[in-house]
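> 3D model of this:
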Amino acid sequence: MSAQDTHVTVPNGHRMRARWFLPERPNGLNAAVIVIHDIFGFSDDQARIAQRLADNGYPVLAPDLYDRPGAKSLCVVRTLRDHEAGHGDAFDQLDACRQWVLEQTDQPVTKVAMMGFCMGGRFALLYAARGTLQVVAPFYGGVPRKARALTGICPVVGGWGKKDLIYGHHGERLAGHLTELGVEHDIQTYPNAGHSYMNDHQTFLFKRMADYSPLRAKYDPDTAEDSWRRVLAFFEKTLSA
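From the prediction side, this is the model:
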């Protein structure tokens with residue numbers, strides 16, 4: 001597998017930084033995955049997740065949604081504002097990412113999937129409701145209160161941790177919405193996991209202080225592996241159809 005730094009030109013002309021991962025053995029599905037980072041931003045953990053997908057035959061684009069013109073702190077605030085509003089420049093960035101993977105010439109891509117975590121999970125879910133993806137995998141992000149906000153969404157696979165005192169019930173909410181909408185899905189709420197159970201950030205706060213947060217944000221390798229199993233099986237089934 002090879003990974004390289006690249007840029008995606010967004011509608012305002014800014015060249016947003018990203019990493020592009022190419023698989024050594026493409027899986028023949030002609031599908032790329034866009035991996036949306038969590039609130040910690042463009043990180044080695046995002047690259048680790050992208051590499052796991054590439055190892056399973058997918059070309060993967062990992063963009064930095066915080067890369068906007070202006071001071072970094074303001075860029076983060078603007079991205080979080082778009083995250084709550086469900087529209088704005090961050091969604092234009094995701095549109096540009098989708099167009100980029102369809103137009104690049106390194107690997108043939110005719111289908112686009114998206115995977116997101118925490119903040120990125122909500123972005124992925126809301127973006128998928130625009131009807132431009134073939135499959136989406138949101139993890140422990142916020143879910144709209146009403147099913148109609150997700151009208152038009154593609155098949156969904158995702159996971160939440162019940163120990164998460166803020167978002168832990170959102171997985172069950174999403175499963176209910178998708179059942180109401182008649183959308184194929186595999187949503188699991190894990191009773192012994194908290195927030196961020198698939199993210200393995202190598203920081204003191206993340207590794208040592210997570211149990212003191214209402215999110216109970218902590219990497220859980222066993223739960224993460226079960227989620228990876230479900231995601232890869234669901235992707236292959238959906239993208240092969």
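> which residues touch the spatially most central residue of the chain?
Geometric centre of the chain, nearest residue: Gly116, 1.2 Å, by C-alpha atoms, centre = their mean. Neighbouring residues of Gly116 by C-beta atoms under 8 Å, 6 or more residues apart in numbering: Val35, Ile36, His37, Arg122, Phe123, Ala124, Leu125, Val136, Ala137, Pro138, Phe139, Gly141. C-beta here means a position set from N, CA and C on the backbone, and glycine is covered the same way.
> with those in mind, which one is nearest to Ala217?
Lowest distance from Ala217 to the contacts of Gly116 (C-beta to C-beta) belongs to Phe139, with 11.9 Å.
> correct me, but the closest one touches Gly159?
Yes. Between Phe139 and Gly159 there is a contact at 5.4 Å, judged by C-beta atoms under 8 Å.
> shared neighbours of these two, which are they?
Residues within reach of Phe139 and of Gly159 at once, by C-beta under 8 Å, 6+ apart, are Met198, Ser227.
> quick one on the thing from earlier: partner strands of the helix or strand harbouring the residue nearest to the centre of the chain, parallel or antiparallel?
Gly116 is part of strand 111-117, with elements assigned from DSSP states H and E. Strand 111-117 has these partner strands in its sheet, going by DSSP bridges: strand 31-36 (parallel), strand 135-139 (parallel).
> ok, then the element right after that strand?
Next along the chain after strand 111-117, taking DSSP H and E as the criterion, comes helix 119-128.
> tell me the mean pLDDT for the strand holding Gly116?
Averaging pLDDT along strand 111-117 gives 98.
> gap between it and the chain center?
6 Å (C-alpha atoms, centre = their mean, to the nearest Å).
> and the contacts of Gly116, which are buried?
In terms of neighbour count (16 or more other C-beta atoms under 10 Å), the buried residues within the contacts of Gly116 are Val35, Ile36, His37, Arg122, Phe123, Ala124, Leu125, Val136, Ala137, Pro138, Phe139, Gly141.
> the inter-axis angle of the longest helix along the chain versus strand 111-117?
Secondary structure of the chain per DSSP state H: the longest helix is helix 221-240. What separates the directions of helix 221-240 and strand 111-117 is an angle of 160 degrees, with axes from the mean of the first three to the mean of the last three C-alpha atoms, to 10 degrees.
> so which bits of helix 221-240 are buried?
Buried positions in helix 221-240, judged by neighbour count with 16+ other C-beta under 10 Å: 223-224, 226-228, 230-232, 234-236, 238-239.
> ditto for stretch 40-55
Within stretch 40-55, the residues that count as buried by 16+ other C-beta under 10 Å are 40-43, 45-47, 49-54.
> give the rounded mean pLDDT of that stretch.
Mean pLDDT, stretch 40-55: 95.
> next: stretch 148-167.
Taken as a whole, stretch 148-167 carries a mean pLDDT of 97.
> please apply the same query to stretch 172-189.
Taken as a whole, stretch 172-189 has an average pLDDT of 98.
> point me to the residue sitting farthest from the middle of this structure.
Tyr212 (25.4 Å).
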